[in-house]
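Q: task: produce atomic coordinates for the following.
(chains A, B, C and D)
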Number of protein chains: 2
Amino acid sequence: MTTPTGDQALIKRINTAIVLESILRNAPLSRAQISEQSGLNKATVSSLVQDLIDGSLVREIGTGQSSGGRKPVMLDFVSSSGYAIGIDLGVNYIRGVLADLRGNVVAERTSSLRLGDAGGEAGVSIAVDQLCGCIESLMTEAPASAYGIVGIGVGVPGLVDDGGTLLLAPNLKWRDVPLQRILTDKFSLPVTIDNEANMGALGEQKYGAGRSIGNIIYVSVGIGIGTGLILNKSLYKGASGFSGEMGHLSVEAHGKSCTCGNRGCWEMYASEQALLEQASPLGFDDLESLLAAAGEGRADVLELFAGIGEYLGIGIANIVNVFNPDAVVIGNRMSQARPWLEDVLRRTVVQRALGFHLRKVQLLFAELGERSTMMGAAEMAIEGFFARVKAT
Amino acid sequence: MTTPTGDQALIKRINTAIVLESILRNAPLSRAQISEQSGLNKATVSSLVQDLIDGSLVREIGTGQSSGGRKPVMLDFVSSSGYAIGIDLGVNYIRGVLADLRGNVVAERTSSLRLGDAGGEAGVSIAVDQLCGCIESLMTEAPASAYGIVGIGVGVPGLVDDGGTLLLAPNLKWRDVPLQRILTDKFSLPVTIDNEANMGALGEQKYGAGRSIGNIIYVSVGIGIGTGLILNKSLYKGASGFSGEMGHLSVEAHGKSCTCGNRGCWEMYASEQALLEQASPLGFDDLESLLAAAGEGRADVLELFAGIGEYLGIGIANIVNVFNPDAVVIGNRMSQARPWLEDVLRRTVVQRALGFHLRKVQLLFAELGERSTMMGAAEMAIEGFFARVKAT
DNA sequence: CTTAGTTTGTCTATCCAATAAACTAAGTTT
DNA sequence: AAACTTAGTTTATTGGATAGACAAACTAAG
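A: Coordinates of the predicted model:
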């Protein structure tokens, strides 16, 4: 058990992080402003800023307004000093993005993934090839920069351990795929793999509906239901590196049996799958046609959506009671049904969540739509880069 | 926004904390051992240890075994350099303890609290007087020491905000009682107020069934159900300072209406209250007589307990799926029914919790019994003291 | 246009904690 | 007794942060 001890290098790391953070959040600003905000001495700030400039992460962008004295030299973060790749590996598509260190999108790729009957090994191989092709294609789009590609983030529809192995992806029929190792070996870059919902949560918290909110719960309603928890601005993962399996919260103690072994799981009542099952007798077999029918005002379809909305609300009320977050963001495919879900959902949550929490909780819908996961994956790579910078 | 900056004082604090922590966990040990374990230089350790000795927190207790060289001077933590008070303020009792800085009990007090019809203001005043009496009585038992009474912790049956105000205690019929302020004003000591379940969780994690387990969920099954979450060895509190209202997780989406506004709340099915309601037709009106009857093997009573056990398992499976903890500890009054609950409970959890988590999760019963909360409250005061020491 | 006052950013001397290495102390082994 | 081991202290050095002095560059008032 070797605890990281405190020495002068640690101080410098801490203070460099403070300065960098300050620039990232408030750019453009001057050395004097950083000093005042942070409490660090002017000389200290000057020295650390110089290091950052030497490291190509910060640059001077000319003088600012004077308020009766020497004009300040304004500093800016050089977001083009490196680029990150974010991937959303879906059940039947691959989406990828190349973003700079501020998350500005430089290039984007989408391709459909048709594994057909190629389950197991064969399917993995096809998908990994396509995935690598997507990454390579994005890499060629990256402008020359000080740090180049700083990392790759991948969101996947399944359970991931902390070593980046996809333990189980029911809808892909994959099991124990060491995705992180595969990609690290191939690209020799830092790779982060995480659940699609965790990535989506990060994406919405950083670039979408949850901007600058500290505690959000992202509910990804697709075929199943996944959740991503951001507590105190960072992703919460359970004891052994995965948690948030709230799709399998039981909301009907003696309800339908689920493949997970439990009964009455939330996602048996509030997911796209649940919706489609109920819609099948009416002659629908995909979400898009149901959305169209709802748009035309078909009463029986509207009722179906209301039912889903109520069950969504039941689960969300549970989550609110447990985590008492600042906001709940609903994302993934089902968020398109917002017009027909929102009212009943909101009503159910207000009715069922404890009054104390409700005073604060906001109910939001994803702003990035189908790009939440991809952007979150890129953000994960970016954060990894910053963590490494700060550790040096 | 003034971020705490890094300077030399910070280094010293960090390293002092490392040394103190090392002594607390591994005493008795020598300076050389601390140096080796922590990676700190021998000279640094010597200097920091001297500071701790000067501060009466550590002392030399003679020489240890030599392994071929000079004998080491063994160090020990001076647990008698200060004392903490822990209080369990129940609905109809007050329990208090005086413990040294290692949690060794020096004195204990129990008194019953009969508020009768004195609800609201009058009840508060009576209870607070009795509470203060208990504290004063415990304080007189404290031996002379360097730091004296280092703090008071109080566990209460209700919702507490981060300012130590008891917002709502349904079973006491209290509302907005600024308990922390009242006690700080009276005793001029650091006071921590928290929910009974949070305190119980801390008590069991530190001194009871969950010793040295990093992530535990304590389920306090009494009149209602409360939960305390310890994640990464520290108490997790939600966004606005309170969370863990898992008694109000809905396990039957369309079940019985609860006073909280929700339906099918867990505690409507698995608490002492739920048990008593079902037992009333059989002619029982308290837990003790039911336990006795179960002990004599009355079939109808055993069935009641089995029912409670199943619902407890349903809720715990949910918790396990959400938090994926290392252990779940069942405490408070219902833990006395262990012999009649455990089998069905264990079976239900195994059946319903996702296999992945189950590999790790332990199901435990509280070891401290009715003393969990009180000991946790004392521990809270002790931790507060250490935090202050480390901050200086 | 001068002068006073203000703000920015750098420079210098100093402080302080950690450290390596030398050293003292006190044992064990051969 | 000599050689080796281990514990803990002393000393000189290192590398950050800091206060305060300072130079540079500006505004505003007379």
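
Q: every contact and neighbour count from this point should use C-alpha atoms.
A: Will do.

Q: and the residue lying closest to residue A:105 once chain neighbours are set aside, bridged to which residues?
A: Taking C-alpha to C-alpha, 6 or more residues apart in numbering or on different chains, and ignoring the residues beside it in sequence, residue A:105 has residue A:99 as its nearest neighbour in space, at 4.4 Å. With DSSP bridges applied, residue A:99 shows beta-bridge pairing to residue A:84, residue A:105.

Q: just the pLDDT for residue A:99.
A: Here the pLDDT value assigned to residue A:99 is 98.

Q: residue A:81 is in contact with that one, correct?
A: No: using C-alpha atoms under 8 Å, residue A:99 makes no contact with residue A:81, being 11.3 Å away.

Q: which residues touch stretch A:328-342?
A: A:200, A:204, A:209-210, A:216-222, A:271-272, A:291, A:294, A:302, A:305-306, A:308-309, A:316, A:361-366, A:369-370, A:372 (C-alpha atoms under 8 Å, 6 or more residues apart in numbering or on different chains).

Q: narrow those residues to those that are buried.
A: Among the contacts of stretch A:328-342, those scoring as buried are A:200, A:204, A:209-210, A:216-222, A:271-272, A:291, A:294, A:302, A:305-306, A:308-309, A:316, A:361, A:363-366, A:369-370, A:372 (criterion: 16 or more other C-alpha atoms under 10 Å in any protein chain shown).

Q: so of those, which ones are in helices?
A: Under the assignment DSSP state H, the buried ones among the contacts of stretch A:328-342 contribute A:200, A:204, A:272, A:291, A:294, A:302, A:305-306, A:308-309, A:316, A:372 to helices.

Q: between those, which is nearest DNA strand D?
A: Of all these, DNA strand D sits closest to residue A:204, with 33.4 Å by C-alpha to the nearest atom of the strand.

Q: wait, the closest one sits on residue A:370?
A: No: contact status for residue A:204 versus residue A:370: not in contact, 10.9 Å apart, counting by C-alpha under 8 Å.

Q: which residues of the stretch 51-200 of chain A fall in strands?
A: A:58-63, A:73-77, A:83-89, A:93-100, A:105-112, A:149-156, A:159-160, A:166-169, A:174-177, A:191-195 (DSSP state E, counting those that start in this stretch).

Q: could these go into a markdown table alongside distance to residue B:85 and mean neighbour count?
A: Compiled in a markdown table, the strands of the stretch 51-200 of chain A are given as follows (distance: least, C-alpha to C-alpha, whole Å; neighbours: other C-alpha atoms under 10 Å in any protein chain shown):
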| stretch | distance to residue B:85 | mean neighbour count |
| --- | --- | --- |
| strand A:58-63 | 52 | 16 |
| strand A:73-77 | 51 | 21 |
| strand A:83-89 | 53 | 30 |
| strand A:93-100 | 55 | 25 |
| strand A:105-112 | 57 | 15 |
| strand A:149-156 | 49 | 27 |
| strand A:159-160 | 44 | 24 |
| strand A:166-169 | 47 | 19 |
| strand A:174-177 | 51 | 16 |
| strand A:191-195 | 45 | 26 |
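
Q: what residues does chain A put near DNA strand C?
A: Chain A comes close to DNA strand C at residues A:5-8, A:30-33, A:42-43, A:46-47, A:66-74, as judged by C-alpha under 7 Å from any atom of the strand.

Q: pLDDT below threshold where in the stretch 151-300 of chain A?
A: A:238-244 (pLDDT under 70).

Q: ok and the residue in it nearest DNA strand C?
A: For the stretch 151-300 of chain A, C-alpha to the nearest atom of the strand, closest residue to DNA strand C: residue A:212, 26.7 Å.

Q: for that residue, which three-state class applies?
A: Under DSSP: H, G, I helix; E, B strand; the rest coil, residue A:212 falls in the coil class.

Q: surely it is in contact with residue A:205?
A: Yes: with contact defined as C-alpha under 8 Å, residue A:212 reaches residue A:205; the gap is 6.8 Å.

Q: check the buried ones among the contacts of stretch A:328-342 one by one and keep those near chain B.
A: Among the buried ones among the contacts of stretch A:328-342, not one lies near chain B by C-alpha under 8 Å from any C-alpha of the partner chain.

Q: got the confidence number for the nearest residue to residue A:60 once chain neighbours are set aside?
A: Once flanking residues are discounted, residue A:60 sits nearest to residue A:75: 4.6 Å by C-alpha to C-alpha, 6+ apart. pLDDT for residue A:75: 92.

Q: contacts only, for residue A:75.
A: Listed by C-alpha under 8 Å, 6+ apart, the contact set of residue A:75 reads A:23, A:27-31, A:58-62.

Q: picking up where we left off before, take the strands of the stretch 51-200 of chain A and write them to JSON lines, including distance to residue A:267.
A: Formatted as JSON lines, the strands of the stretch 51-200 of chain A follow (distance: least, C-alpha to C-alpha, whole Å):
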{"stretch": "strand A:58-63", "distance to residue A:267": "46"}
{"stretch": "strand A:73-77", "distance to residue A:267": "43"}
{"stretch": "strand A:83-89", "distance to residue A:267": "21"}
{"stretch": "strand A:93-100", "distance to residue A:267": "22"}
{"stretch": "strand A:105-112", "distance to residue A:267": "25"}
{"stretch": "strand A:149-156", "distance to residue A:267": "18"}
{"stretch": "strand A:159-160", "distance to residue A:267": "16"}
{"stretch": "strand A:166-169", "distance to residue A:267": "16"}
{"stretch": "strand A:174-177", "distance to residue A:267": "20"}
{"stretch": "strand A:191-195", "distance to residue A:267": "17"}
